[in-house]
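**Student:** show me the folded form of this:
(3 chains, ligands or ions: 3)
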Amino acid sequence: MEYKTTLTTCPYCGCGCGFYLESIDGRLVGTIPSKTSPVNKGKLCIKGWNVHEFVQHPNRLTRPLVRKNGELQEVSWDEALDYTADKLRNIKEASGPDSIAFFASAKVSNEENYLLQKFARAGVGTNNIDHCARL
Amino acid sequence: MSENIKTKVAELLSSGQIKGFLGLRSNEGHIGPYLFTNEAELDSLVVGDWKNRGDSRYPLNKCLINIACKYPEDTFGVLVRGCDERGLKALYTWNQLNPNKVVAVGIACPQELADACECLKPYPDECVDDEKAKACEQKAVSSIDALAIADRFALWIREFTKCVKCYGCRDVCPMCFCKECSVGSDDLIHTGQLPPEMPIFHLTRAVHMIGRCIDCGLCNEACPADIPLRTLYKKVADIIDKEFQYRPGYTDAKSPLNVL
Amino acid sequence: MTNSIDELENTDCIFVIGSNTTSSHPIIATRIFRAKQKGAKIIVADPRKIQLGMLADVEVQQNLGTDVALLNGIMHVIMDRGWHKQEFIDAHTEGFDAVKEVLKNYPPDKVSEITGVSADDIVKIAEYYATSEASSIVYCMGITQHTTGVDNVKSLANLAMMTGQIGRENTGVNPLRGQNNVQGACDMGGLPGVYTGYQAVTVPEVQKKFEAAWGASLSNKVGLTIPEMMSGVMSGSVKALYILGENPMVSDPDTHHVEKALKAAELVIVQDIFRTPTAELAHVVLPGVSFAEKDGTFSNTERRVLKVRQAVAPMGDARHDWEIIQDISTRFGYAMHYDSPEAIMKEISSVTPSYGGITYARLEGDGLQWPCPNAEHSGTKFLHKGGAFTRGKGMFFPIEYKAPAEVVDEEYPLWLTTGRVFAHYHTGTMTRRAEALNCEIPEAILEVNPADAGKLGIRTGDWVYLTTRRGKIAVKAQLTDWIKESIVFMPFHFVEANANVLTNTALDPICKIPELKVCAVKLEKVQ
Ligand code: SF4
Ligand code: SF4
Ligand code: SF4
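**Tutor:** Numbers count the residues shown, from 1 in each chain, chains lettered A, B, ... in the order given. Ligands and ions are numbered 1, 2, ... in the order given. Just a heads-up that it's a prediction; the model follows:
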């Protein structure tokens, strides 16, 4: 039996509310606003209170997919990663680094955004990276 | 006071009387709910500094219900203040927790906290401390009672106008455990509207807390609109006490309204 | 935000414009409620009637897309009455004279005609904002999602600078970020022109620094923005799109255009947690993980860097997003070997002056607000302290009012504006999978003024068609006088009634924000 309370930060709006995610044996069961979090001080909005509900939804993507004969089909990670890297390399060789463009994301972490722009700039060699800040 | 608790909990854990102890832990600069399952972790057990951002009180009973649902055969310890103990008693009468599977470890509240809560009984029946704060006057209720009816109504409407419909008052409440909730039902109160219909949304909840609300104030603290919900529910509890001589959590008896 | 969320509680006047705060940022609304409780004046300007207006001291509903005119009108009054702070202007800013000239063209009567806001209200707003000891501006997408988005923001800056309501505690110009890590995505260089911490790709020293740090030669050419990428695909210059955690099929304006571009691309890589409409069009779909399954940091709207901690294991074979990117990069030929998000943060702080003092260990408790240049620095609560602007002096920009890109005509006689509802977020990918939220608001609803509805025989609950020059959708109508005559409102969270099939891709010329907040529509009852 494992009951955990993990303090983390809300994935929705830009307030950055802190809450504890309650989990039992690896399943999320609840959300409790953190009283010591500087922004929300024990309060949350309706989205925050229900944040645990979407995470382990049965519709989550759990396997990599590659389009074959027009259909997205489940493949191994190795295949998906090789396919992606090879295709990107070929396109860069054929059409130059600026033929590749990246969408960074307001929904992933700082570290992940950093890595993506590093890959775009240092790996591929393009500054074609932007995100939906405007939307 | 946390030393007394640590000793007590260490005993309970090492003797195998409880499978885990639901209390508060200080970690990475925050104080929050935590299930202690071995003695080595008890160093980080705290009771919360009430002056520091609210008072670090959490709906531990609600967490306990979550755990007990999954592990009904196991016994767990839980940290209780006066209000939490009232909550346990009431939850037993509503069959939400099994008294044989819960070991409450009680602490008394400092007078400042009791005053802030205007608490009628700021200590559990059994607690590790000797010093107990005194019961408090119900100033918030009487100051609103002193207003003319029209002003009273205006005051509440002004407060309800701020409601952002987070349902936090319900979601944090250790006494809200219904599967189908009236305040979230479109049949009673139109969903999707901000502010929610006034005053039905708030009065429906107030009525539903009759025979349930144990006056812990967690709803009040969770409300992003700072609506004095606790005062509203205290008033409702007063009316019920007057009519039925019943205050949930202060006795082991079932609510006289259970039959309704 | 130039200032901090907590400061709002202690201001003497809050001017909320283009933000339905109680719905989109309820926890910020808490601070506004408290400020009101303490006696602050609350000003609310929004084309729709909003909840916050119910407790405002002045509440106005300006016509859609007329913010510049409204703000110029307010500034005109401030000049006229001598409520501006000449001392502050002289000491800390430049370019005010040009603004003064422009303001002459915006007397309250004229502004009233453009905006539909009474001259009295304009004067009242000017008075409350300019003469309060500390005033703060709060704004959101209602200001930015216009072809004049940058003009709107600059006008707000003009207003704050001319009254000296910036660079002090409890003042400032405070955009509320719509998405949780917009701030972080910008800070981390998720923009075509800058590396982390807004270091420009065109500056040779910066380029050299990053070339040394990353061991690669780098381009000094500013990259493409998202709308430019889409056009690039159509013209053939862009072949591949790598889309991390975004859903442009629902979030971007003119969905049909986006769909064409995604279908035309040679390679579309989508890394996400659900099979979104965008993922449906991909060649490769990589399952990343949600916030609850990862460690890392987010930067909130007040520049506070906050820890994200893993609560549960990734679902199925889904992998941490940083690992996926690292693996692709390595296989591509640029090796990466981080062992944790913390290791990545170490590198971020080593190349980013404003994050220089940020380490995971220091993020305990309250986190840190950047700029935080070194390990001793305790972070920055508000920017431009004492009028010290990033460029030295604060720059005024004279701004003239321009009508929205698309205006109503005989064929499309109503204005459509889009926005959020309180129970949902962005494209609904996450919130619509939470049962409680779906019960609260299960479907898209079009808000229509009873007068407009009456003319077309529409009642609450009726299905209606909405048509623009770009597309047509069906949606259920709801009559409400919270929306003005000749305007209709609908949320954009619902893919089956996708508001962005209708919206205009016309862009702000400078920052390329699409005009999601205004376009012309035709409304018909479904027979
Ligand atoms: S209500 Fe307040 S004072 Fe009373 S027992 Fe609970 S925490 Fe203590
Ligand atoms: S005070 Fe509020 S949270 Fe506590 S029992 Fe009563 S209604 Fe529930
Ligand atoms: S906690 Fe407050 S804001 Fe939230 S639903 Fe209850 S009364 Fe409304």
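
**Student:** in the stretch 51-200 of chain C, what residue is nearest ligand 3?
**Tutor:** Closest to ligand 3 within the stretch 51-200 of chain C is C:Q51: 11.0 Å, counting by CB to the nearest ligand atom. Glycine gets a C-beta too; all of them are placed from N, C-alpha and C.

**Student:** centroid-nearest residue for chain A?
**Tutor:** Chain A has A:V108 as the residue nearest its centroid, 4.4 Å off, counting by CA atoms, centre = their mean.

**Student:** which stretches of chain A aren't confidently modelled?
**Tutor:** A:133-135 (pLDDT under 70).

**Student:** and C:V521, what does it touch?
**Tutor:** C:412, C:414-416, C:466-468, C:488, C:502 (CB atoms under 8 Å, 6 or more residues apart in numbering or on different chains).

**Student:** in chain C, what residue lies closest to chain B?
**Tutor:** C:G365 (2.9 Å; CB to the nearest CB).

**Student:** skipping adjacent residues, who's closest to that residue in space?
**Tutor:** Excluding the flanking residues, the one nearest C:G365 by CB to CB, 6 or more residues apart in numbering or on different chains is B:G29, at 2.9 Å.

**Student:** so which residues on the stretch 51-200 of chain B come close to chain C?
**Tutor:** With CB under 8 Å from any CB of the partner chain as the criterion, the stretch 51-200 of chain B comes near chain C at residues B:158, B:161-162, B:164-167, B:184, B:186, B:191-192, B:194-195.

**Student:** those into a markdown table, with extra columns for neighbour count and pLDDT?
**Tutor:** Converted to a markdown table, these look like this (neighbours: other CB atoms under 10 Å in any protein chain shown; pLDDT from 0 to 100):
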| residue | neighbour count | pLDDT |
| --- | --- | --- |
| B:R158 | 12 | 93 |
| B:T161 | 17 | 93 |
| B:K162 | 23 | 94 |
| B:V164 | 27 | 92 |
| B:K165 | 26 | 91 |
| B:C166 | 26 | 92 |
| B:Y167 | 26 | 91 |
| B:G184 | 17 | 76 |
| B:D186 | 11 | 74 |
| B:T191 | 18 | 79 |
| B:G192 | 17 | 80 |
| B:L194 | 18 | 84 |
| B:P195 | 18 | 89 |
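
**Student:** just these now: which is nearest chain A?
**Tutor:** Nearest to chain A among these, with distances taken as CB to the nearest CB, is B:C166, at 4.8 Å.

**Student:** residues making contact with the host helix or strand of C:A35?
**Tutor:** For C:A35, the host element (DSSP states H and E) is helix C:26-37. Residues outside helix C:26-37 that contact it (CB under 8 Å, 6+ apart) are A:15, A:17, A:39-40, A:43-46, B:162, B:164, B:166, B:224-226, C:5-6, C:8-11, C:14, C:16, C:21-22, C:42, C:52, C:55, C:138, C:176, C:422.

**Student:** so what's the most centrally placed residue in chain C up against?
**Tutor:** The structure's chain C has its C-alpha centroid closest to C:M141; by CA atoms, centre = their mean the separation is 4.6 Å. Contacts for C:M141 (CB under 8 Å, 6+ apart) come out as C:18-19, C:178, C:419, C:516-517.

**Student:** quick one on the thing from earlier: give the buried subset of the contacts of helix C:26-37 as a PyMOL selection command.
**Tutor:** Buried subset of those, written as a PyMOL selection, criterion 16 or more other CB atoms under 10 Å in any protein chain shown:
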select buried, (chain A and resi 15+17+39+40+43+44+45+46) or (chain B and resi 162+164+166+224+225) or (chain C and resi 5+8+9+11+14+16+21+22+42+52+55+138+176+422)
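
**Student:** among the contacts of helix C:26-37, which ones are in helices?
**Tutor:** In helices, judged by DSSP state H, the following of the contacts of helix C:26-37 are found: A:46, C:21-22.

**Student:** mind putting those in a markdown table, distance to C:V526 included?
**Tutor:** Below are these laid out as a markdown table (distance: CB to CB, whole Å):
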| residue | distance to C:V526 |
| --- | --- |
| A:I46 | 31 |
| C:T21 | 34 |
| C:T22 | 32 |
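
**Student:** residue numbers of chain A in contact with chain B?
**Tutor:** Near chain B, when you scan chain A using CB under 8 Å from any CB, you find A:1, A:3-5, A:7, A:18, A:20, A:22, A:24-25, A:29-30, A:32-37, A:41-46, A:48-49.

**Student:** wondering if stretch C:292-299 reaches chain B at all.
**Tutor:** No - using CB under 8 Å from any CB, stretch C:292-299 never reaches chain B; the gap is at least 12.4 Å.

**Student:** ok, and the closest non-adjacent residue to the closest residue to ligand 3 within the stretch 401-527 of chain C?
**Tutor:** For the stretch 401-527 of chain C and ligand 3, the shortest gap (CB to the nearest ligand atom) falls at C:F422, measuring 10.6 Å. Leaving out its chain neighbours, the residue that sits closest to C:F422 by CB to CB, 6+ apart is C:S23, at 4.1 Å.

**Student:** how near is that neighbour to C:S251?
**Tutor:** C:S23 is 18 Å from C:S251, where distance means CB to CB, to the nearest Å.

**Student:** phi first, then psi, for the residue in chain A positioned nearest to ligand 2.
**Tutor:** Residue of chain A nearest ligand 2, by CB to the nearest ligand atom: A:G42 (12.1 Å). Main-chain dihedrals, A:G42, degrees, to the nearest 10: phi 90, psi 0.

**Student:** same question, C:T11
**Tutor:** Note on C:T11: backbone dihedrals following degrees, to the nearest 10 are phi -80, psi 170.

**Student:** I figured it hits C:E169, correct?
**Tutor:** No - taking contacts as CB atoms under 8 Å, C:T11 lies outside contact range of C:E169: 9.1 Å.

**Student:** okay, and the common contacts of the two?
**Tutor:** C:A134.

**Student:** domains for the chain, by residue range?
**Tutor:** I went with chain A, as the question did not name one. Split into domains by automatic domain parsing, chain A comes to A:3-55, A:62-95, A:97-135.

**Student:** should've been chain B
**Tutor:** B:2-117, B:139-244.

**Student:** got these as JSON lines, with distance to C:V153 columns?
**Tutor:** Listed next are the domains of chain B as JSON lines, based on distance: least, CB to CB, whole Å:
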{"stretch": "domain B:2-117", "distance to C:V153": "33"}
{"stretch": "domain B:139-244", "distance to C:V153": "26"}
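
**Student:** tell me which of those sits nearest to ligand 1.
**Tutor:** domain B:2-117 (3.0 Å).

**Student:** what's the mean pLDDT across that closest one?
**Tutor:** Averaged across domain B:2-117, pLDDT comes to 89.

**Student:** same check, this time on stretch C:457-473
**Tutor:** Per-residue scores along stretch C:457-473 average to 89.

**Student:** number of nearby residues for the closest residue to B:G217 other than its chain neighbours?
**Tutor:** Closest residue to B:G217 apart from its sequence neighbours, by CB to CB, 6+ apart: B:R230 at 4.5 Å. Per other CB atoms under 10 Å in any protein chain shown, the neighbour tally for B:R230 reads 22.

**Student:** before we move on, what about the one 5 residues further on?
**Tutor:** Look at B:K235: counted by other CB under 10 Å, it has 18 neighbours.

**Student:** so it sits in a helix?
**Tutor:** Yes - according to DSSP: H, G, I helix; E, B strand; the rest coil, B:K235 belongs to a helix.

**Student:** which residues of chain A fall in helices?
**Tutor:** Under the criterion DSSP H, chain A carries helices at the ranges A:46-49, A:52-55, A:77-95, A:110-118.

**Student:** most tightly packed of those?
**Tutor:** Burial of the helices of chain A is given as mean neighbour count (mean count of other CB atoms under 10 Å in any protein chain shown); helix A:110-118 ranks first at a mean of 30.

**Student:** re the thing from before, let me have the contacts of C:V521 in JSON lines, extended by secondary structure.
**Tutor:** As requested, these are exported to JSON lines (three-state DSSP):
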{"residue": "C:Y412", "secondary structure": "coil"}
{"residue": "C:L414", "secondary structure": "strand"}
{"residue": "C:W415", "secondary structure": "strand"}
{"residue": "C:L416", "secondary structure": "strand"}
{"residue": "C:L466", "secondary structure": "strand"}
{"residue": "C:T467", "secondary structure": "strand"}
{"residue": "C:T468", "secondary structure": "coil"}
{"residue": "C:V488", "secondary structure": "strand"}
{"residue": "C:L502", "secondary structure": "coil"}
